[in-house]
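Asks: The sequence and its predicted three-dimensional model are supplied below.
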Amino acid sequence: QVQIVESGGGLVQPGGSLALTCLASGRIFSTTVMGWYRQAPGKQRELVADITSAGITKYATSVTGRFTISRENPKNTVYLQMNSLKPEDTAVYYCNVRNRVVVSYNYWGQGTQVTVSS
């Protein structure tokens, strides 16, 4: 079992910055991929960014160049630095922890609200 605790988020003006943190605890394999998804009202949940334990990253086109994902493997923690935020970034952001090697699992955090508005 894996437990996930998210922090960060909130209200920010357009052009501002926010940082999200996700801490995973429990049995975390070294092959685990950690990432962030988001879901805006009336829309499907979509990948924002994810990162492997080796530091290989993947970003949604809409956030490339503005968001940065990073990870501290010993702490099983993943971060999302969000800069130059736009109103269309408004959504609930979910941390995801998944593994498909040897043992499969896919866990979600409870979500944290990010609102970009003036």
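Replies: Looks like it arrived, so ask away.

Asks: Just the buried residues of the worst-scoring helix or strand of the chain on mean pLDDT, please?
Replies: The element with the least model confidence among the helices and strands of the chain, by mean pLDDT, DSSP states H and E, is strand 103-108, at a mean of 92. In terms of neighbour count (16 or more other CB atoms under 10 Å), strand 103-108 has its buried residues at Y107. To be clear about C-beta, it is placed using only N, CA and C from the backbone, and glycine gets the same treatment.

Asks: where do the strands sit along the chain?
Replies: 2-8, 10-12, 18-26, 33-39, 46-51, 57-59, 67-72, 77-82, 91-101, 103-108, 112-116 (DSSP state E).

Asks: Which residues outside the least confident helix or strand of the chain are in contact with it?
Replies: Contacts of strand 103-108 from elsewhere in the structure, counted by CB atoms under 8 Å, 6 or more residues apart in numbering, are V2, I4, A24, F29, Y94, C95, N96, V97, R98, N99.

Asks: wait, doesn't the fourth one sit right on R100?
Replies: No: F29 is not in contact with R100 according to CB atoms under 8 Å; the separation is 9.8 Å.

Asks: Among the contacts of strand 103-108, name the buried ones.
Replies: Buried residues within the contacts of strand 103-108, defined by neighbour count using 16+ other CB under 10 Å: V2, I4, A24, Y94, C95, N96, V97, R98, N99.

Asks: ok, of the residues you listed, which one's closest to Q113?
Replies: Y94 (10.8 Å; CB to CB).

Asks: gap between that closest one and P74?
Replies: The spacing between Y94 and P74, counted by CB to CB, to the nearest Å, is 23 Å.

Asks: Can you name the residues that contact the spatially most central residue of the chain?
Replies: Ranked by distance to the mean C-alpha position of the chain (CA atoms, centre = their mean), the top residue is W36 at 2.2 Å. The contact partners of W36, by CB under 8 Å, 6+ apart, come to 20, 22, 47-50, 69, 78, 80, 93-96.

Asks: That'll do, ta.
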